[in-house]
Structure formats: structure tokens, C-alpha cells
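Novice: Sharing a sequence plus its predicted fold:
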Amino acid sequence: MPLTIEKPVDSAFICTIVSDAGMGKTTLAATFPNPVFIRAEDGMQSIPYEQRPDAFPLISKVDELWGQFNQLIKEDHDKQTVVIDSVTALDRLFVRYIVDNDPKQPKSINQALGGYGAGLQAVATMHQRVRNACGMLQKKGINVVFLAHAETETIELPDSDPYTRYNVRMNKRSQAPYIDDSDLVGFIKLQTFYRGEDGERKKATSTGARQLVTYATANNVSKNRYGIEQDLMLEKGKNPLVGIVPALTK
């Protein structure tokens, strides 16, 4: 049978948006095409009710999460984007699930399933299951937006001095589905200006304007597959990726 070789078509979009709390992750996610939210935390109060997108009930149990995914994957609906708010909160839910279901009643995830990292690996497996479910949504032509809280970490490389950057707040074993397997990882930051005379300590000021960083930088985890090389300004009610990401421009 001859091989079928053809130019791949653009697929639905999967991205991760990272920031400190209160920086507008949920507000940005609401600007994606016809979204529905899967909520492990309630971050939608910042959006006026008349502009608030549809959402499933808040998740309190892991089984509720799989049920909501099954509904989106198996049933017909008109939603074009699924937002997971947030994978950081899911991580806490998964940790609690593994600890609570261990018959030995461990005190922490580090002691769960016999220790030696087995508990953390079980949590990582659950995050991969989330990513697999989102891959099924992508095949249906549905975009996926993961929201994540940030924390700082120290990077130590063999060819440079240690430095600090922002990353997703969860154990490293669980990060790959949201970083390595995303089309874009964006970090929201305040647009900051530094003032001061030469030789003086600079003072940072900001107007409150926010920027989305989607290219590789030492300051934070970020990347994209669309050739974006500069900060994107965030405007209320507008998605800065429209006109750049093919799946959002149709």
C-alpha cells in the first residue's frame, strides 16, 4: 500500500497561560472562541456577569473532572474552546486524592504509595491523563487553554551562573503535559519601567498595563510555535493571539 504524504493542516490550539494571582489569566481565557470552563477553582468573579462565559460546576472530586471531560468529548455541543482553571488547583486535588486513597494513610504525598517518589509519579500520571483528554478535544477541533499559577525557581546550568525564573507551580514531574506538549506557553507580566539617575538604584514603576510573553526568555517559562518574538499587549476584551494563531483566525 503506497504511503500517503501530504501537507499537514492546522489543528486546534492548545496553550498554557501562566501568571501570579490577579494578573488576568481568566479574563484572557474568556476571550478565546466560544469557551466553556472546567473549574478546579472559582476565578470567574472578575468577569462581569453579562460577559461571563459558560462553565461547569466547581470540581471537588477527581471523578467529577473525568465526568466533565467525557461530556465534552462524547456529546455534541457548540463549544470551540475548553479552559481548565487551573492546573495548579488540579494538582492540589490530585495530591489529596492520592494521599486520601492510600490505605496506609500517609501524612504527605512524599510518603504516599510507599514513598521514593511513587506518590508524585502517580500525580504526574493523572496530569498526563488530563492532557490525553485534551488531545481528544483537539481532534474534535476544540481549542484548549490551561491556566496555571506561577512560582519562582532557581535554575542551575553547567555553563552559566544560577538565576531565578518563573515557572508553573507544581512538581517538575507533572509540568511536561502543560509545557512540552503545548503549542504556546504564555506568561502574563506587568509592563514595568525603571527610573533613576546613572549610578543610583533604579525604581520600578508600572501603569498597570499587562503584557503576554510567549517567546523563550530567561525570566519565565514561555514558548510558541508561531514565530512570536515580542511582548503582546493585553487589552480588555481582546485576544492578542487572533491574527497570529491560525486556529483563532478562522
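Specialist: The structure has been received and is ready for your questions. None of the values given here were measured: they were computed from a predicted structure.
Novice: can we go C-alpha only for contacts and neighbour counts from here?
Specialist: Noted.
Novice: Pull the contacting residues for Tyr215.
Specialist: With contacts defined as C-alpha atoms under 8 Å, 6 or more residues apart in numbering, the neighbours of Tyr215 are 186, 222-224, 228-230.
Novice: If I look at Lys203, what pLDDT would I see?
Specialist: Looking at Lys203, its pLDDT is 64.
Novice: Can you lay out the contacts of Tyr215 as JSON lines showing distance to Glu151, pLDDT and neighbour count?
Specialist: Supplementary listing: the contacts of Tyr215 in JSON lines, determined by distance: C-alpha to C-alpha, whole Å; pLDDT from 0 to 100; neighbours: other C-alpha atoms under 10 Å:
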{"residue": "Gly186", "distance to Glu151": "14", "pLDDT": "98", "neighbour count": "26"}
{"residue": "Ser222", "distance to Glu151": "14", "pLDDT": "97", "neighbour count": "23"}
{"residue": "Lys223", "distance to Glu151": "17", "pLDDT": "97", "neighbour count": "24"}
{"residue": "Asn224", "distance to Glu151": "20", "pLDDT": "97", "neighbour count": "18"}
{"residue": "Ile228", "distance to Glu151": "24", "pLDDT": "97", "neighbour count": "17"}
{"residue": "Glu229", "distance to Glu151": "23", "pLDDT": "96", "neighbour count": "12"}
{"residue": "Gln230", "distance to Glu151": "23", "pLDDT": "96", "neighbour count": "11"}
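Novice: Go through the residues you listed and say which is closest to Glu6.
Specialist: Using C-alpha to C-alpha, Asn224 is the member of the contacts of Tyr215 that lies nearest Glu6, at 23.9 Å.
Novice: Excluding chain neighbours, what is closest to the closest one?
Specialist: Nearest non-adjacent residue to Asn224, counting by C-alpha to C-alpha, 6 or more residues apart in numbering: Leu184, 4.2 Å away.
Novice: Tell me the bridge partners for the one you found.
Specialist: Cys15, Asn224 (DSSP bridges).
Novice: right, and it touches Ala216 too?
Specialist: No - counting by C-alpha atoms under 8 Å, Leu184 stays clear of Ala216, with 10.5 Å between them.
Novice: Settle it for me: which of the two has more neighbours?
Specialist: The residue with more neighbours, out of Leu184 and Ala216 and counting by other C-alpha atoms under 10 Å, is Leu184; that gives 24 against 15.
Novice: Overlap in contacts, Leu184 and Ala216.
Specialist: When contacts are counted by C-alpha under 8 Å, 6+ apart, the set common to Leu184 and Ala216 consists of 222-223.
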